[in-house]
Structure formats: structure tokens, C-alpha cells
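Asker: Sequence plus the predicted model coming up.
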Amino acid sequence: MNYPDSVRFLYSLGNEHKAVKFGLERIRVVLDALGNPHMRTRFVHVAGTNGKGSTCAMVESALRANGRLTGLYTSPHLLSPTERIRIGGAEVSEGAFSEAFRRVHEKTEQLLESGAIDCHTTYFETVTAMAFLLFADARVDIAVLEVGLGGRLDATNIVEPALTVITPVEFDHESYLGTSLASIAGEKAGILKRGVPAVFSRQRPEALEVLTARAAELGVEVAGRAEAEDVELHARGSRFTVDGVHVECSLAGEHQVENAVTAITALKRLGVPDTAIEAGVRAARWPGRLERISEAPEIVVDGAHNPAGARALAAYIDRFCANRRVRLIFGTMRDKAVEEIAEALFPRAYEVILTAPKQARALRPEALRGSTDHKRVRIAADLPAALKLVAEAGPDDISFITGSLFLVAEALALRTS
């Protein structure tokens, strides 16, 4: 099966939310039939609501700077499914991706025929199994593994990691994880395992109580975390010191300082030397998060799609764009906390341009228009139409494309084309 056929079949399984079937039994059976490739790799397992991807990117980059052959598994992808699986810092090839898919798919079909499983693995389960195969085949020294959704019943939770990390727990995916911060934290705490040390980002009290209680119940050693000192924030990154490590971070926003502190705490627990940590954090990149895609006019994409992400973007705008005319190109999904996100962002904008990502779950901009009293609101049928509205922006103007990673992905694809 070639790469386009592999991707088509994966998409036929439904998107990751539509196709959620929580539980580990199915992937356990499939991985056992594949020879349990996940047991041949050392993992850092990362859960949380916000900051997972950035933290994973910094941890992987520093491990690689320390001379390790690394794996990195993240989701969702922005432009290509191959982004989800990286070895040595590079996306796997389309050929390697399709071959791994063939192996997982054929084994799954055999198990279906025999009655060992009752349905095909989901999109996410399939790609997770593919990642385990590719990491084992490459004999990576260590892989950084991002949870897809929740933690306790996520397909990635099949592993016995060397270290677990939980980034800030916030509200998102409530229909799957529960409507209280405590219930969401309980799902994230499901990745904690007896005998495996853990690192926690700074948490809200309700979440921290749940995480620490579960850690105590399992006898999990939680690493103490240092605080960032001498923090210098600038529009395209930051500079600070934490636990003796002098950091230059190219990921913008004050929230990335917190993510970097979490990554550094994890790396120190893994025994990575300061020089590799400094080099790795400096080199780390994570697309679609406060990323400039155009200088004139100045356009920044940011995947803020929940209230915490919106607050982080709002803080960035307040700090660095207070004397500039801010335009928001905003599109989101129907199942998001739209009013809370809009409340954080819209008052900071001179003009709001409402549009919609090319997704079935997208919220129609006309529906959103009625819920805001912003004085300058325009509607654009799609992202190209929205971009035309900001094309003549002046040097003091700055535009942000936000509200959905799907919308950010469209912007990155337009830049590439």
C-alpha cells in the first residue's frame, strides 16, 4: 500500500475525535501480535492540556543535543501525517510511514478475522502502533511520547516509561474528560505509574490536588521544580536562568517559559548535562504557536483553541502589541468554549475578521457574529478571503490567525504553496 492509500485509509477511520473508542485492550492485542515493539524503547510520556507539544519538542531537542538517537510522537499534525513520527529530529519518510501502516493494518485485519478484536484500531491507535514499530526498528535510544487525549485510556498509555510529565491541566475536551478540573486532572493522572518518577508543571490548585494525591497513592517520586529567574521576554522568544541553566528560548510567549522550566526539570531528572539542555532548548521549534508567517504585512499564527491558550495569546498581545493595531482572523470549532475564548481575545483587537476552518465541526462565522458586540467585525468566507482583508495593513499593524489548529494549518499550507 502506497502513502496516499495509507493516508486515505487512516482518514476513513474517522477523525480522532469522531473515532474515539477509549480503552487499551484493542491496542494491547495488536501490539502483542506485532511483537510488542513498545517494550523495546525507552519513553518519556507527556500528558496535559496546554504546552504538551512545546514541552515535548524541547525535551526531544535537548536529548538529541546530548547525542541520543531520539524518537518523537506528537499530534495532531498540521500539514502531513508524517509530522507525527520523527526520528533523529526528522519526519519519517512517506515510504516508511506507509510500510509501517501496512504492517499494522495487515495484523489488525488478521486479528479481526480471528475474532481477537471486535473492530479495527482507530486512527490514533493505528498511528501510535506505527510509531512504536518505527522507533523499535530504528533502535532509538529514547522517544518522547505525547498523549493524544486525556491519558488514562489513551493508546499511548500502554507504555512503561522512564519518566512521566504532566503539563498544565486546563479545560478542554470536556465531553470526553469531564466537566470539572478535578475530573480532567484525574484522566491526566492516569499516566502515572508505580516506580516511574514524574514532573509536574505549575498547576491550578484543584488539578494539583488530584495529581499529588494519585502520585502519593502510587508512591511516585515527583521531581521538585525550580523557578525561572532573570526572565527577559521579547517578541520572538525569551532569555532566563533556571537551576543553573542559562536558557535562550526561541518559542515566544511567557507561557513558553513555564513549558521550558518543565522540560528542563524533566531533562535534569534524565541526567542530561546543562550544555545539552541549553543547546536543545535554544534549537527547539514548534510550528503554529506564535509563529510569524509573514513580515510585511506582519502575520502571526497561533493555535490557541481553548480558554487557557486564549489567555496566553492575550498576555502576549498585551505585552508586545499594546501600541499596535491588532487584527484577529478568528475561526474555531463548534465544540469549543467560544464565548470564553472570544472574551479573552476580541477586546484586544482593533478589528475582528471571522472565518471558518475547512472542517465539518467548524463554527459558522455568522453564528459567532451574533455573540460579540465588537464594533469592527467583518466576515470572510474562508482564510484566503480573510487574508485579502489584511493584505494592505501598515507597518504598525499586526494580524493574528487563531482559534483553531485547523485554521493555523491552512495558513501554513498557503505559505508553503
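Answerer: Thanks, I have it.

Asker: what's near enough to touch the spatially closest residue to residue 397 that is not a sequence neighbour?
Answerer: Sequence neighbours aside, residue 325 is the residue nearest to residue 397 in space, at 4.6 Å (criterion: C-beta to C-beta, 6 or more residues apart in numbering). No exception for glycine: its C-beta is placed from N, CA and C like everyone else's. Contact analysis of residue 325 by C-beta atoms under 8 Å, 6 or more residues apart in numbering lists 350, 351, 393, 394, 396, 397, 398.

Asker: Just the buried ones from those residues, in PyMOL syntax?
Answerer: Buried members of the contacts of residue 325, defined by 16 or more other C-beta atoms under 10 Å, are picked up in PyMOL with:
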select buried, resi 351+393+397+398
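
Asker: Just send the contacts of residue 325 back as CSV, with pLDDT, distance to residue 112 and secondary structure too.
Answerer: Formatted as CSV, those follow (pLDDT from 0 to 100; distance: C-beta to C-beta, whole Å; DSSP: H, G, I helix; E, B strand; the rest coil):
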residue, pLDDT, distance to residue 112, secondary structure
350, 96, 56, coil
351, 97, 53, strand
393, 87, 54, coil
394, 88, 60, coil
396, 92, 60, coil
397, 96, 56, strand
398, 98, 52, strand
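
Asker: just the strands in the stretch 101-250 of the chain please.
Answerer: 142-146, 163-166, 198-200, 229-234, 237-242, 245-249 (DSSP state E, counting those that start in this stretch).

Asker: Show me which positions of stretch 385-393 end up buried.
Answerer: Per 16+ other C-beta under 10 Å, stretch 385-393 contains these buried residues: 386, 387, 389, 390, 393.

Asker: Please apply the same query to stretch 339-347.
Answerer: Buried, per 16+ other C-beta under 10 Å, within stretch 339-347: 341, 342, 343, 344, 345, 346.

Asker: Sketch out the low-pLDDT regions of the protein for me.
Answerer: The model of the chain has pLDDT under 70 over residues 14-21, 173-175, 417.

Asker: Can you spell out the domain ranges of it, please?
Answerer: The record's domain split for the chain, according to automatic domain parsing, is 3-225, 291-416.

Asker: just so I know, which of those lies nearest residue 244?
Answerer: domain 3-225 (13.7 Å; C-beta to C-beta).

Asker: wait, isn't residue 333 in contact with residue 404?
Answerer: Yes: under the contact definition of C-beta atoms under 8 Å, residue 333 touches residue 404, with a separation of 6.0 Å.

Asker: The two: which has the busier surroundings?
Answerer: Comparing residue 333 with residue 404 by other C-beta atoms under 10 Å, the one with more neighbours is residue 404, at 25 against 20.

Asker: Might you report the residue contacts of that one?
Answerer: By C-beta under 8 Å, 6+ apart, the neighbours of residue 404 are 303, 305, 331, 332, 333, 336, 357, 359, 362.

Asker: In PDB, list the C-alpha atoms belonging to stretch 370-387.
Answerer: This file holds the C-alpha atoms of stretch 370-387, laid out as PDB (Å, rounded to 0.1, in the frame of the first residue of the first chain):
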ATOM      1  CA  GLY A 370     -24.300  37.500  17.000                       C
ATOM      2  CA  SER A 371     -22.400  36.700  20.200                       C
ATOM      3  CA  THR A 372     -20.000  39.700  20.100                       C
ATOM      4  CA  ASP A 373     -20.600  43.400  20.400                       C
ATOM      5  CA  HIS A 374     -17.200  44.300  18.900                       C
ATOM      6  CA  LYS A 375     -17.600  47.400  16.800                       C
ATOM      7  CA  ARG A 376     -15.400  46.300  13.900                       C
ATOM      8  CA  VAL A 377     -16.300  42.800  12.700                       C
ATOM      9  CA  ARG A 378     -16.100  41.500   9.200                       C
ATOM     10  CA  ILE A 379     -16.900  38.000   7.900                       C
ATOM     11  CA  ALA A 380     -14.700  36.200   5.400                       C
ATOM     12  CA  ALA A 381     -15.900  33.100   3.600                       C
ATOM     13  CA  ASP A 382     -12.600  31.400   4.100                       C
ATOM     14  CA  LEU A 383      -9.000  32.000   5.100                       C
ATOM     15  CA  PRO A 384      -7.800  33.300   1.700                       C
ATOM     16  CA  ALA A 385     -10.600  35.900   1.700                       C
ATOM     17  CA  ALA A 386      -9.700  36.900   5.300                       C
ATOM     18  CA  LEU A 387      -6.000  37.300   4.300                       C
END
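
Asker: and for it, what are the contacting residues?
Answerer: Contacts for stretch 370-387 (C-beta under 8 Å, 6+ apart): 299, 329, 331, 338-339, 342, 346-347, 349-358, 365-366, 369, 388-389, 401, 407, 410-411, 414.

Asker: Now, of those residues, which are buried?
Answerer: Buried by 16+ other C-beta under 10 Å: 299, 329, 331, 338, 342, 346, 349, 351-357, 365, 389, 401, 407, 410-411, out of those.

Asker: Would you indicate which residues of stretch 360-373 are buried?
Answerer: Quick answer for stretch 360-373 (16+ other C-beta under 10 Å): 361, 362, 363, 365, 368, 372.

Asker: For the residues you listed, please prepare CSV with the additional fields distance to residue 280.
Answerer: Converted to CSV, these look like this (distance: C-beta to C-beta, whole Å):
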residue, distance to residue 280
361, 36
362, 36
363, 38
365, 41
368, 40
372, 42
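
Asker: now those as TSV including secondary structure and distance to residue 273?
Answerer: What follows is those, written out as TSV (DSSP: H, G, I helix; E, B strand; the rest coil; distance: C-beta to C-beta, whole Å):
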residue	secondary structure	distance to residue 273
361	coil	45
362	strand	46
363	coil	47
365	helix	50
368	helix	49
372	coil	50
